[in-house]
Structures are given as C-alpha cells and as structure tokens.
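> For reference, the sequence and a predicted model appear below.
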Amino acid sequence: QEQLVESGGGLVEPGESLRLSCVVSGFTLKGRTIAWFRQAPGKEREGVASIGKGKTFYAESVMGRFTISRDNDKNTMYLAMDRLKPEDTALYYCATIRDQVVFTDDLYLRPWVYPFWGQGTQVTVSS
C-alpha cells in the first residue's frame, strides 16, 4: 500500500525556520516527481515547490526562502522553510507522481496532477 507521511510542522515565530519531512512507503521515490502543497483555511490548495525530471519549480511567494529536496535512499522528501512569514501558515502536504506521466512545466505546481498524497502537517507562523 502506497503511503506518504508528513512531519515537522509546528508553531514558530516570524523569521524562524522549519524543515518538513515526508516519508514514503510502499513504493520508491526514484523515478518520481515530488511536490509540496499547502492549504490555508478558506483558501484553495496551492503548489509550493516541485522537483522532478531534472527540473525544480517554486511558487513566487516562497522563492528564495524555501528549498525542496529528496533522499531517494531514505525514501524521504523535504521542504526547508526559512524566514517564515504569518502568510505561510497552512496545512502542508507532500505529493508524488510517476515520471512516466508526461505534462508541461506549468502543471508541476497544480494539485490535480498528483495522484498520491499525504495527510498533511500543520505549520503556524505567529508571534
């Protein structure tokens, strides 16, 4: 059974950092595009970062502050978040899709592209 489990969320003050992890089981991360999304209350789910097929994408709102990475040997993906802002507060999800699925660059941060999702980890940025 394919499973993704996020961790690392929490309550931090503006300007602080967090690193989210997403451990996958039931499949290997090799040959997969991975992505992080977030959803704040009352808002649509939005793409934060994605990496796959030699390409990396970031939402403009997090560029220069967030870094997506992966460790295929540990079957784990990460999202390092620096200089956090109150507007980064949201439930953060990891997601994957097999690299055999072909889609254009503008779709890497579209949630409907990804069939496999974790349950989310809450990030709250507040003073």
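Good, I have the coordinates.

> rest of the way, CA atoms for contacts and neighbours
Noted.

> for this structure, what spans make up the strands?
Secondary structure of the chain (DSSP state E): strands located at 3-7, 10-12, 18-25, 32-39, 46-52, 55-58, 66-71, 76-81, 90-98, 116-117, 121-125.

> And the average pLDDT for stretch 13-23 is what?
Stretch 13-23 comes out with an average pLDDT of 98.

> How far away from the center of its chain is stretch 31-49?
Computed by C-alpha atoms, centre = their mean, to the nearest Å, the separation of stretch 31-49 from the middle of its chain amounts to 6 Å.

> Can you get me the start-to-end distance on that stretch?
17 Å (C-alpha to C-alpha, to the nearest Å).

> Please apply the same query to stretch 114-126.
30 Å.

> tell me the mean pLDDT over that stretch?
Stretch 114-126 comes out at a mean pLDDT of 96.

> Okay, buried residues for it please.
114, 117, 118, 120, 121, 122, 123, 124, 125 (16 or more other C-alpha atoms under 10 Å).

> so how far is the helix or strand of the chain with the lowest mean pLDDT from its chain's centroid?
In the chain, no helix or strand scores lower on mean pLDDT, DSSP states H and E than strand 116-117, which sits at a mean of 94. Centre-to-centre, strand 116-117 and its host chain are 11 Å apart (C-alpha atoms, centre = their mean).

> and if you look at stretch 58-76?
7 Å.
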